[in-house]
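Asker: predicted structure and sequence below. I'll ask about it afterward.
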Amino acid sequence: MKKLLLSAAMIYALGCPAAVPTYLDNSRDLDSRVADALSRMTLEEKVALCHAQSKFSSAGVPRLGIPGLWWSDGPHGVRAEINWDNWEYAGWTSDSITAFPALSCLSATWNPDLALAYGNALGEEALYREKDVILGPGINICRTPMNGRNFEYMGEDPFLTSRMAVPYIRGLQDNGVAASVKHFALNNQEEDRMYIDVQCSPRALHEIYLPAFRAAVTEGEAWTVMGAYNRIDGQYASHNDRMLNGILKGEWDFDGVVVSDWGGAHDTLEAAANGLDVEMGSYTNGLTSESALSFDEYYLANPYLALLREGKVSRETLDDKAGRILKLIFRTSMNSSRGFGCVADSAHYAVAREIGREGIVLLKNSPVRKGERPLLPVDASKYRRILVVGDNAVRNLCDGGGSSELKVKDMVSPLRGLAALWGDKIEYAPGYAAGRASYDEVEEVSQAITDSLRADAVEKARG
């Protein structure tokens, strides 16, 4: 890839611009480059663009020197490296990153300038990790506290979410890293969130659930949008004709790529016709498992190719998909003006710290006694001992689980931070045993352990 681009640049510098194909000429507009690349591609090469080639990558066109795309979870930090064809972590030693505050905290700052700084810092870390697309920001509207993804979103207000999402996207994409705004749309609850059929009135849709997405596309000029898992009026959101063709690409004139949520595609005909461009994560372990689908058996892979050859779906629609993907590649992985990025540096820590500071919401800080000043901030000179109680004082709070898991370079726990301030004055008691939950089970804690830890905390509190 780099050798090809260098040789093309050298030819151009020698005064032979005609020798440089239009699609490799950075001085040409994106539409001209896309059209030229499409004219050189085979049917099979166009289809190959439209589906994953690994858990977090999709193909380019090797014959033409066009690289693929590397996608990464990362609404609040670039996720650690995942294996090529299974969901295990690769065990790299070079993929630790900065943990930025969750987007609910960013939104609580009410500060668009911080949103811009957040996106820019995240983009620099993505560049360092050689990622082309960050799967974020998450901007679904919080409508119930029992949604496990609420911390990833920007709250319950469509206007605030809109104003914070736009600078985040701009800051990220200024680095040549695409934002993938998610989850489009109406994915607002936990129960049955992957299959539920959402019915929504037009007024609620356009006044509550879509304004932030519209701002992200029309103002933030997001380069990708991720389809949601749920159905909308009977049709899955990742290939929903009304939402994708009608609203997103039609009314809003979105010129980017629609990617499915991982496993969000369910039908080849609908995916082909209803606006899905790239299918990712359709529950495959790649080519290493005989019992699993290969990447070539995705809905937008060989089944799509067969329908195209039989004339059952439009080749013009394929050209639209491939053209959008090529434009994304030119904006990101073939963007010669991209920098190299940096990770976990002092500037990024400063951004994360300031967002955390401004995003803190103190609900109550009443005086301990009448006539006294509020308890916080603590005046350590007044206290010989300060007791910290609770598992969250030592727990890794940078790990949201699943797509929000982060491998942080340096995690400062609340207890560690308090000890750094007040040293030996700090005492700690767990107070309870926090059972660790996984996807399969929840750890059970015996009553005897629970009683013992509580008694210890009570006794220390008396002192």
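Answerer: Right, received. Where do you want to start?
Asker: in the protein, which strand is the longest?
Answerer: strand 178-184 (DSSP state E).
Asker: name the residues that touch it?
Answerer: For strand 178-184, contacts defined as Cβ atoms under 8 Å, 6 or more residues apart in numbering pick out 71, 119, 132-140, 165, 168-169, 172-173, 213, 216-217, 220, 222-229, 237, 243, 248, 256-259, 261, 328, 331-332. (Each C-beta comes from the backbone N, C-alpha and C, glycine too.)
Asker: which of these fall in strands?
Answerer: 71, 133, 134, 135, 224, 225, 226, 227, 257, 258, 259.
Asker: and the buried ones among the residues you listed, selectable in PyMOL?
Answerer: The PyMOL selection below is limited to those of the ones in strands among the contacts of strand 178-184 classed as buried (16 or more other Cβ atoms under 10 Å):
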select buried, resi 71+133+134+135+224+225+226+227+257+258+259
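Asker: of all the ones in strands among the contacts of strand 178-184, which comes closest to residue 344?
Answerer: residue 134 (16.3 Å; Cβ to Cβ).
Asker: what sits against the most centrally placed residue in the chain?
Answerer: Note on the chain: the residue nearest the mean C-alpha position is residue 135, at 2.6 Å, using Cα atoms, centre = their mean. The contact partners of residue 135, taken as Cβ under 8 Å, 6+ apart, are 71, 72, 73, 74, 75, 180, 182, 226, 403.
Asker: which among those end up buried?
Answerer: Among the contacts of residue 135, those buried by neighbour count (16+ other Cβ under 10 Å) are 71, 72, 73, 74, 75, 180, 182, 226, 403.
Asker: ok, of those residues, which one's closest to residue 358?
Answerer: residue 75 (18.4 Å).
Asker: doesn't the closest one fall inside a strand?
Answerer: No: using DSSP: H, G, I helix; E, B strand; the rest coil, the secondary structure at residue 75 is coil, not a strand.
Asker: how about the nearest residue to it, chain neighbours excluded?
Answerer: In space, and not counting its chain neighbours, residue 75 is closest to residue 136: 3.1 Å by Cβ to Cβ, 6 or more residues apart in numbering.
Asker: helices or strands up against the helix or strand that contains residue 304?
Answerer: In this structure, residue 304 sits in helix 302-309 according to DSSP states H and E. Under the contact criterion of 3 or more Cβ pairs under 8 Å, 6 or more residues apart in numbering; DSSP states H and E, helix 302-309 touches helix 43-48, helix 268-273, helix 315-331.
Asker: give the buried residues for it.
Answerer: Judged by neighbour count (16+ other Cβ under 10 Å), helix 302-309 contains these buried residues: 302, 303, 304, 305, 307, 308.
Asker: ok now it, how far from the chain's centre?
Answerer: 30 Å (Cα atoms, centre = their mean, to the nearest Å).
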